[in-house]
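> Below are the sequence and a predicted model for it; my questions follow.
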There are 2 protein chains.
Amino acid sequence: MTFVARRNRARCPTHPGVLLREDVIPATGRTKSEIAGLLGISRQHLYDILGERKPVSPSVAVRLGKLFGDGAGVWTRMQAAYDTWHAEQNEDVSGIPTIRAKAA
Amino acid sequence: MTFVARRNRARCPTHPGVLLREDVIPATGRTKSEIAGLLGISRQHLYDILGERKPVSPSVAVRLGKLFGDGAGVWTRMQAAYDTWHAEQNEDVSGIPTIRAKAA
DNA sequence: ACTATCGTCAACAAATAGCTTACATTGGCC
DNA sequence: GGCCAATGTAAGCTATTTGTTGACGATAGT
């Protein structure tokens, strides 16, 4: 028996909004309204992200990357993992076969 | 002088459609119309992806992952890299400062 | 009492994913 | 030549979704 590098995740990857809400923003000591202003997005939009109702779009990701000094990549990757997981849950791919490179 | 792990990419990351068009689909020996059918998406949609006009959405990523036996992750990551790079090119973040964790 | 922040809701604008239908072109194959 | 399948693109449409503004009540600080 061998261990395959499974990419089945039992649990949902955390939405980037959680990281922002729980860790990153508190660490700055700034108000959320102020953060929204610095990011150049509406206050409502930030709250939607923090509430995990809206995704971190590429546009927002680069803004977060600039504001917090890490790159956009962190935020992009978190969001991509989140999106992919949910797509895997919701999409019915049972009708799609797995094909191999052609024989000939 | 030290080398920082730069994430500045001079060149645009390749759109996943290119990989599909140049390598993956040819290796199967199937027609593109057939591939579209197997994926459960419209022929037009596949051509838009191959022509780099439409992105590989999470939904399409899991379909590709199933059809070709690799996971959705490959396609998701390629698309994310592509999207992020373009966002970095187009977004003006010059007005956004970089802040640090609070002093107090 | 006043003010700022908080968290949410509603309505709207803009962009986008994905579909159908249609068209012209190419390349077998009989 | 005639026929058919595959190719590549375009136009138009729908549904969804990102992001906005404006408003509302609640809470806390001064």
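Perfect, I can see it now.
> alpha carbons only for contacts and neighbour counts from here, please
Fine.
> which ones are touching the spatially most central residue of chain A?
When CA atoms, centre = their mean is applied to chain A, the residue found nearest the centroid is A:Gln79 (1.4 Å). Neighbouring residues of A:Gln79 by CA atoms under 8 Å, 6 or more residues apart in numbering or on different chains: A:15-16, A:55-56.
> most surrounded residue in the residues you listed?
Highest neighbour count within those: A:Val56, with 25 neighbours (other CA atoms under 10 Å in any protein chain shown).
> Skipping adjacent residues, who's closest to that residue in space?
Setting aside the residues directly before and after it, A:Val56 is nearest to A:Gln79 in space (CA to CA, 6 or more residues apart in numbering or on different chains), at 6.2 Å.
> any idea which helix or strand carries that neighbour?
Using DSSP states H and E, A:Gln79 sits within helix A:73-90.
> From DNA strand D, how far out is A:Glu52?
According to CA to the nearest atom of the strand, to the nearest Å, A:Glu52 stands 10 Å off from DNA strand D.
> near DNA strand C, anything from stretch A:59-75?
No. On the criterion CA under 7 Å from any atom of the strand, stretch A:59-75 is out of touch with DNA strand C, staying 10.2 Å away.
> Tell me the first helix or strand C-terminal of the helix or strand where A:Leu19 lies.
For A:Leu19, the host element (DSSP H and E) is helix A:16-19. Downstream of helix A:16-19, the next assigned helix or strand under DSSP H and E is helix A:25-28.
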